[in-house]
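1. Generate coordinates for the sequence data below:
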Amino acid sequence: MRTSLFMVSLALVGPSFAFPGNARTNAIGCPFADGGSQTKRQTDTTFDPVKQRIDVSGKHEFRPPGPNDKRGPCPGLNAMANHGYISRTGITTFIESTSASNKVYGLGLDAGGIFSLMGVAYGGALTNLVFSIGGDPPPGLSGTHNKMEGDGSCTRKDAYVNNGDASTLSLEYFKHLYNLVPENEDAHFDMQVMVEHRAWTREQCISTNPHCFFGPVPVTFVSTLAHLLLPQLVSNHSAEHPDGILNHGVLKTFYGITGNNGSLTYTQGHERIPENWYRRASDYTIIDVMQDFAKIAPGHPEFLSLGGNAGKVNSFVGVDPGDITGGIYNARNLLEGNNLLPSTADSGAI
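-> The predicted model follows:
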């Protein structure tokens, strides 16, 4: 099952990405820069208020987790549990989490199914397709660091530099993201902003964690994808902004943050869906994931590179796939067909 899961993850990455030798190279330019974070956008998106508005009243009202309820590293899952779209206990199933992610966020059933399967495989039990979005029954998603999402998380510090805790939000990381966009009526955390934040979180790992590690491929892929999903799935697709807008207020609500800039406060496990919030009009599918990666890969190939620090900070050593395979494969043909599978069969990814 885990081998099949890994192969599905490879299908997401696609054959067009390679691993550069110098993983710290930050290429100038961003494919999303032409639009700009503050630029007014034209759209042909059709707005459907009935389909897109997400109910946060009645049975879906916000309720903070109880003392025995599980909450973990994924704000999207935490918010769905707090609103009863998945079990408020934080113990969910493959079908429930896949269906709810589609209903609430517009995550395609194909992509959502893969992510839920990863949750089951690494944070639950394949026998009954149940997993915890937080802690035990072990390991839960809180115990999947460097199995699903790895070092260089969007809002969580690396486990090694945070007393083993890669699940609790870091206000330092959140504030860095928050301050990338000026607070005004046009504020939008778009893909360009998230690419910039991803470059920073990756550099933070290299410069603060002596054991920073990027790999194997699915872990590195998911770590980058976690940044890119934010504007795609959390933006408010209202009548005024049918293509979606992710401002500071929406960002804070989904991350369980209150207060104003300069006095932000995080309440663990209190992620919520905002009032008057509308999901995206069309599902975000595997094809969309691949297209987004294809846009950013030329400007930031280091986002999909392998390697790590050599026991001290700023000692990053990139891994040449040819070294892993004894020269049988190179960076180009490693991603052809199933070539990558044998070289990683003993890793934590499968």
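2. make it CA atoms for all contacts and neighbour counts henceforth
-> Will do.
3. So which residues of the stretch 101-250 of the chain form strands?
-> According to DSSP state E, counting those that start in this stretch, the stretch 101-250 of the chain carries its strands in the segments 124-125, 130-132, 213-214.
4. now for the longest one, which elements pack on it?
-> This means strand 130-132. Using 3 or more CA pairs under 8 Å, 6 or more residues apart in numbering; DSSP states H and E as the contact criterion, the elements in contact with strand 130-132 are strand 91-93, helix 109-123, strand 124-125.
5. What average pLDDT does the shortest one get?
-> In this case it means strand 124-125. The pLDDT scores in strand 124-125 average 94.
6. Just give the closest residue to Leu126, not the sequence neighbours.
-> Spatially, and ignoring its direct neighbours in sequence, Leu126 is nearest to Val120 (6.1 Å; CA to CA, 6 or more residues apart in numbering).
7. I figured that neighbour was touching Glu96, is that so?
-> No. Under the criterion of CA atoms under 8 Å, Val120 makes no contact with Glu96, lying 11.8 Å away.
8. more crowded one of these two?
-> In this view Val120 and Glu96 are compared by other CA atoms under 10 Å, and Val120 has more residues nearby, 24 against 14.
9. can you give me the helices for the protein?
-> Counting by DSSP state H, the chain has helices at residues 2-13, 49-52, 75-82, 94-105, 109-123, 171-178, 191-208, 217-234, 248-254, 286-296, 321-324, 340-343.
10. Can you say which of those is packed in most?
-> Comparing those on average neighbours per residue, with mean count of other CA atoms under 10 Å, the densest one is helix 75-82 at a mean of 26.
11. What is that helix packed up against?
-> Helices and strands touching helix 75-82, by 3+ CA pairs under 8 Å, 6+ apart, are helix 248-254.
12. Recalculate using a threshold of 10 Å.
-> On a contact count with 3 or more CA pairs under 10 Å, 6 or more residues apart in numbering; DSSP states H and E, helix 75-82 meets strand 91-93, helix 94-105, helix 217-234, helix 248-254.
13. Output these as JSON lines; include the columns distance to Cys74 and mean pLDDT.
-> Shown next, in JSON lines, are the helices and strands packed on helix 75-82 (distance: least, CA to CA, whole Å; pLDDT from 0 to 100):
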{"stretch": "strand 91-93", "distance to Cys74": "13", "mean pLDDT": "98"}
{"stretch": "helix 94-105", "distance to Cys74": "12", "mean pLDDT": "99"}
{"stretch": "helix 217-234", "distance to Cys74": "9", "mean pLDDT": "89"}
{"stretch": "helix 248-254", "distance to Cys74": "10", "mean pLDDT": "99"}
